[in-house]
Each structure stands twice: as structure tokens, then as C-alpha cells.
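Chemist: Here is my input, please return the structure:
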Amino acid sequence: MLDDDDEKTVIDSKGLRYKSKSAGSPFGGKGAFVGGTMSCLLCGKHRPQAMLKSKQVLGRPQKVCAPSCKELDDILAQQR
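Modeler: Numbers count the residues shown, from 1 in each chain. Coordinates of the predicted model:
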């Protein structure tokens, strides 16, 4: 049985899926680096770029939490 959310996200003839979804990103602005957040390659959480460090992964620099995902979560939890 389909719930109400599934009925609202039917793909229309133009290929669009969301009829009731508000436009834009939950992170504000347009473009990849607006607002100064990026997602961590390891945990996927969006963080300010100041909380990320570059790490070589398969020969390419990727952004990951600094010092680590778990340590950063603990630090942020203590600040709340």
C-alpha cells in the first residue's frame, strides 16, 4: 500500500519527480561551495570547510572530518 508521500512524488511527463518539494538546497544559496560547507567523504555529514582536512584517497585529495569523524562528533556534542 502506498502512503501519501509516495503519491506526491510520481514522475510527471517532463521527468520531474517532486511536485510539492520546495525549490533550492537545505544548505542555502546556489553552487557547490556557497555557505562554506562540504560533505565528509567518510561519514557524509555536511561540515564547515574549517572542520575538514584533505586526505589522499586513490591518489586524489578528498575532504574528511578533522581530526576524525567520531572525534569531531564528540567535540560538537560537548559544545551543545
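
Chemist: Just the residues contacting stretch 58-78, thanks.
Modeler: 38-43, 45, 47, 49, 51-56 (Cβ atoms under 8 Å, 6 or more residues apart in numbering). Placement of C-beta: from N, CA and C, glycine included.

Chemist: what is Pro48 paired to in the beta sheet?
Modeler: Under DSSP bridges, the beta-bridge partners of Pro48 are Thr37.

Chemist: For it, give its distance to Lys14.
Modeler: Distance, Pro48 to Lys14, using Cβ to Cβ, to the nearest Å: 36 Å.

Chemist: more neighbours, these two?
Modeler: When Pro48 is set against Lys14 and neighbours are counted by other Cβ atoms under 10 Å, the residue ahead is Pro48, at 10 against 5.

Chemist: related to what we said a few turns ago, drop anything exposed from the contacts of stretch 58-78.
Modeler: Burial by neighbour count, judged by 16 or more other Cβ atoms under 10 Å, picks out 38, 40, 47, 51-52 from the contacts of stretch 58-78.

Chemist: Please settle this for me: is Gln62 part of a helix?
Modeler: No. Per DSSP: H, G, I helix; E, B strand; the rest coil, Gln62 lies outside any helix segment and is strand.
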